[in-house]
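Asks: need the 3D shape of this:
(one chain, ligands or ions: 1)
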Amino acid sequence: MKSPAVAFDQVTHRYGDRTALDALTFTADAGRVTCVLGPNGAGKTTAMELAEGLKRPQQGTVSVLGRSPWRSPDDHRAAVGVMLQDGGLPGAVRAERFLRHVARLTDGHQRLDELADHLDLQSFWGTSVRRLSGGQRQRVALAAALLGSPAVAFLDEPTAGLDPHARLDVWDLVRAERDRGCAVVVTTHSFEEAERIADEIVVIAGGRVRAAGPLAEVAGTGGLEARYFELTRRKGATR
Ligand SMILES: Nc1ncnc2c1ncn2[C@@H]1O[C@H](COP(=O)(O)OP(=O)(O)OP(=O)(O)O)[C@@H](O)[C@H]1O
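Replies: Numbers count the residues shown, from 1 in each chain. Now for the predicted structure:
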């Protein structure tokens, strides 16, 4: 059996006395879109940061393409595309200049033309990143993550704040990445998004996996939204 592109095995991570991840265990495969859902503070970003090699796991193991992301060398990192929630983009540089720079580093010139088309980047090519709207900046961050045609892509809330056209463009792009064999891991708060793009769903709450599996299996007959509220119900809440 092929090993998963991303594997969390019994990962626990604490910030002081707060447990952000509690024996978290799940996998994500190549050629699949895995959507990670969970309430604010569930541990999604912490999990993504561990998988991206930005944090070292305190307990348990994280593996991406068969290696520990914390210890992996640069060529391994190049196979992993990352779109962070805050973008981490340089403010003073024009969008085009920034992306051409990333394209040089990732050998992604041809890809840049495709992505520019797909995400309508030319309409704000000449604007410095700091003057872009939130949604435009997000599209630049997404293009930067995908320029190197990565084998694994981590996209943290890629469509938050995007207009309906841009959301459709991003969903198309995510499906295209999956179809070329990429393991795409997407965090989202949108059931619509998960239902449109996910092959696999992972629901996290309180740092633990509450459900994981194919979309139809996790959603069951009542639908994903109902199942999510059932899995993540808060004490005293009416739903
Ligand atoms: N740097 C930090 N220092 C202390 N606590 C932190 C830090 N980062 C996250 N936490 C805590 O860890 C828990 C998990 O946070 P995390 O950001 O991973 O959740 P999330 O699921 O991504 O939330 P959101 O949906 O709001 O983005 C939360 O209780 C949060 O307050």
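Asks: hmm, stretch 40-50 touching the ligand?
Replies: Yes. Legend: contact between stretch 40-50 and the ligand by Cβ under 6 Å from any ligand atom is shown at 40-46. Just so you know, the C-beta spots here come from the backbone N, C-alpha and C atoms, and that holds for glycine as well.
Asks: just the CA atoms of that stretch, as PDB, please.
Replies: Extracted in PDB, the C-alpha atoms of stretch 40-50 (Å, rounded to 0.1, in the frame of the first residue of the first chain):
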ATOM      1  CA  ASN A  40     -11.800  28.500  16.300                       C
ATOM      2  CA  GLY A  41      -9.000  27.300  18.500                       C
ATOM      3  CA  ALA A  42      -9.400  23.700  17.500                       C
ATOM      4  CA  GLY A  43      -5.800  23.300  16.600                       C
ATOM      5  CA  LYS A  44      -5.900  23.500  12.800                       C
ATOM      6  CA  THR A  45      -3.300  26.200  12.300                       C
ATOM      7  CA  THR A  46      -1.000  24.500  14.800                       C
ATOM      8  CA  ALA A  47      -1.300  21.200  12.900                       C
ATOM      9  CA  MET A  48      -0.600  23.000   9.600                       C
ATOM     10  CA  GLU A  49       2.400  24.800  11.100                       C
ATOM     11  CA  LEU A  50       3.800  21.400  12.300                       C
END
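Asks: among the residues of stretch 40-50 next to the ligand, which ones are buried?
Replies: Among the residues of stretch 40-50 next to the ligand, those that count as buried by neighbour count (16 or more other Cβ atoms under 10 Å) are 42-46.
Asks: and the pLDDT for the spatially most central residue of the chain?
Replies: The chain has Leu155 as the residue nearest its centroid, 2.2 Å off, counting by Cα atoms, centre = their mean. Predicted confidence (pLDDT) at Leu155: the value is 95.
Asks: so which helix or strand takes in it?
Replies: Assigning secondary structure by DSSP states H and E places Leu155 in strand 152-156.
Asks: other SSEs contacting the helix or strand following that strand?
Replies: Using DSSP H and E, the helix or strand that follows strand 152-156 towards the C-terminus is helix 164-179. In this structure, helix 164-179 packs against strand 33-37, helix 109-118, helix 134-146, strand 183-187, helix 191-197, with contacts taken as 3 or more Cβ pairs under 8 Å, 6 or more residues apart in numbering; DSSP states H and E.
Asks: helix 164-179 to helix 134-146, inter-axis angle?
Replies: 10 degrees (axes from the mean of the first three to the mean of the last three Cα atoms, to 10 degrees).
Asks: helix 164-179 to strand 152-156, inter-axis angle?
Replies: Relative orientation of helix 164-179 with respect to strand 152-156: 150 degrees, computed using the same axes, to 10 degrees.
Asks: and the residue nearest to the centre of the chain, how far from Arg175?
Replies: 13 Å (Cβ to Cβ, to the nearest Å).
Asks: now swap in Leu50 and tell me
Replies: Separation of Leu50 from Arg175 (Cβ to Cβ) stands at 26 Å.
Asks: and the contacts of the least confident helix or strand in the chain by mean pLDDT?
Replies: Every helix and strand of the chain was ranked by mean pLDDT, DSSP states H and E. The lowest is helix 74-77, at a mean of 71. Under the criterion Cβ atoms under 8 Å, 6 or more residues apart in numbering, residues 53, 65, 67, 69 lie in contact with helix 74-77.
Asks: again, only this time at 7 Å
Replies: 53, 65, 67 (Cβ atoms under 7 Å, 6 or more residues apart in numbering).
Asks: from those, pick the one nearest the ligand.
Replies: If you rank these by distance to the ligand using Cβ to the nearest ligand atom, Gly53 comes first, at 15.8 Å.
Asks: burial of Glu225, as a residue count?
Replies: Number of residues near Glu225 (other Cβ atoms under 10 Å) recorded here: 14.
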